[in-house]
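Q: this one's sequence-less:
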């Protein structure tokens, strides 16, 4: 209880707006335009990893790969990447895969990915059994099916 009051007092002292997500470093707050729901994202550009290694790195931070299937979150991520020159020419793993059943794309929480949505790059997903993991490629950063084992940076989400 003492810890609660300390954090409460710190919030008043720092004038943290009510309802504002307090993402732990190095995560940043992204707010959905329609609902105001907040997510914490971290663009892990320390080491390029394959999809499974990237997921493990996210999980070690108490998060998972980024599931961009929320209102305008994907469009915000694209805008964010384009504003950061060090990211603009890089690819990123995201939280979808058809590893379990070829052609059945799922988010890591088991929800189905809408492959007819406007979030996929034209002609994607493709590649059959060679490309089982979701990623974003420069310069448009739309969903792509990425080659198994490909080393990219990772977007983590809480």
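A: Okay, I see it. Predicted model, so just to flag it, every value in this text is computed and none were measured.
Q: Packing partners of the top strand by length along the chain?
A: In the chain, assigned by DSSP state E, the strand with the most residues is strand 38-49. Contacts defined by 3 or more CB pairs under 8 Å, 6 or more residues apart in numbering; DSSP states H and E place strand 38-49 against strand 28-31, helix 51-60, helix 73-83, strand 152-157. From N, CA and C alone the C-beta is placed, and that goes for glycine too.
Q: center of this protein, which residue is that?
A: In the chain, the C-alpha nearest the mean C-alpha coordinate belongs to residue 66, at 2.3 Å (CA atoms, centre = their mean).
Q: What score does it have for pLDDT?
A: Per-residue pLDDT puts residue 66 at 98.
Q: which phi and psi does it have?
A: Residue 66 adopts backbone torsions of phi -70, psi 130, taken as degrees, to the nearest 10.
Q: Just list the residues touching it, thanks.
A: Contact analysis of residue 66 by CB atoms under 8 Å, 6 or more residues apart in numbering lists 41, 77, 94, 95, 155, 156, 157.
Q: Just give me the closest of those to residue 34.
A: Checking these against residue 34 with CB to CB, the nearest one is residue 77 at 15.9 Å.
Q: where does the chain have low pLDDT?
A: Within the chain, the ranges that satisfy pLDDT under 70 run 1-21.
Q: cutoff 80 now
A: Counting by pLDDT under 80, the ranges of the chain that qualify are 1-21, 127.
Q: Now do the phi/psi pair for the residue lying closest to residue 138 once chain neighbours are set aside.
A: Leaving aside its chain neighbours, residue 138 sits nearest to residue 89 (5.1 Å; criterion: CB to CB, 6 or more residues apart in numbering). The phi/psi pair for residue 89 (degrees, to the nearest 10) reads phi -110, psi 20.
Q: hmm, back to that, can you tell me what sits against the longest strand of the chain?
A: Here strand 38-49 makes contact (CB under 8 Å, 6+ apart) with 19-21, 23-24, 26-32, 54, 57-58, 61, 63, 66, 70, 73, 77, 80-81, 84, 86-87, 90, 92-93, 151-158.
Q: What of stretch 102-115?
A: 55, 64-65, 67, 69, 95-98, 100, 125, 128-129, 132, 134, 143.
Q: Quickly check these for the two that are furthest apart.
A: Maximum pairwise distance among the contacts of stretch 102-115 (CB to CB): 25.7 Å, between 64 and 128.
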